[in-house]
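**Q** Structure, please.
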Amino acid sequence: MDKYTLNRDESILLIIDIQERLAPAMKYEERVIKNTDILIRVAEEMDMPILVTEQYPKGLGATVSEISDNLKGAQVFEKVLFSVCTDDFIRALERRERKKIIVVGMETHVCVLQSVRELLKLDYNVFVVSDAISSRFEENHSNGLDLMRDMGAVITNTETVLFDLLKEAGTSEFRVLSKLIR
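**A** Below you'll find the model as predicted:
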């Protein structure tokens, strides 16, 4: 059951390609940005590392300002591969010595799927946040989720991630973070 349990000391938030010229084409753009922002706030409150990728930023632009404006200590990686798993990215991931990767981003069936597949091959435990990823078309989004589940990723959602990391009510963290979903 440990595969399905998140712990702040073992987890990293990975934000894949939520970019200026890509996001507007996504079916659930606003929901993805809102839920990604919630998870950024959770990660920062819990001192969890945040890694961000940008697919060919010359063409697709930088990370959307609604997200980048709230990132304080995140490391950003430019890439042209669809997968995030460049040599630099893998080295950065290994330095953090955490095996649970919480994944948000775009597009479900392309960069997210190929990244998840590679991370699973590298023996990471991957949590795909279904309401914080998107594709242009619902069929591609659904198919991408199905494929990642079949590969062994845990398909979850923003609230489940939040409460799994919190573990209990009544704490000062709970009071701060539970307000994010009201």
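
**Q** For stretch 37-50, list every residue counted as buried.
**A** 37-46, 48-50 (16 or more other CB atoms under 10 Å). All C-beta atoms are positioned from the backbone trio N, CA, C, and that covers glycine.

**Q** mean confidence for that stretch?
**A** Per-residue pLDDT over stretch 37-50 has a mean of 95.

**Q** Ok, stretch 155-167 next?
**A** Here the average pLDDT along stretch 155-167 is 96.

**Q** So which residues make contact with it?
**A** 5-8, 11, 35, 38-39, 42, 46, 102, 127-132, 145, 148-149, 173-174, 177-178, 180-181 (CB atoms under 8 Å, 6 or more residues apart in numbering).

**Q** For ChimeraX, write a command that selects the buried ones of these.
**A** Restricted to buried positions by 16+ other CB under 10 Å, the ChimeraX selection for the contacts of stretch 155-167 reads:
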select :6,8,11,35,38,39,42,46,102,127,128,129,130,131,132,145,148,173,177,180
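
**Q** Just the ones in helices from the contacts of stretch 155-167, please.
**A** 35, 38-39, 42, 145, 148-149, 173-174, 177-178 (DSSP state H).

**Q** closest to Ala74 among those residues?
**A** Proximity of these to Ala74 (CB to CB) peaks at Leu39, which lies at 11.9 Å.

**Q** where exactly do the strands run in the protein?
**A** All strands of the chain, identified by DSSP state E, fall at 11-16, 50-55, 75-79, 100-106, 125-134, 154-156.

**Q** Kindly reformat these as CSV and extend each row with distance to Ala92.
**A** Converted to CSV, these look like this (distance: least, CB to CB, whole Å):
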stretch, distance to Ala92
strand 11-16, 10
strand 50-55, 7
strand 75-79, 6
strand 100-106, 12
strand 125-134, 16
strand 154-156, 22
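
**Q** So what sits opposite Ile16 in the bridge?
**A** Going by DSSP bridges, Ile16 is paired in beta bridges with Thr53, Gly105.

**Q** I'd assumed Val104 was in contact with it.
**A** Yes: Ile16 lies in contact with Val104 (CB atoms under 8 Å); the separation is 7.0 Å.

**Q** No further questions, thank you.
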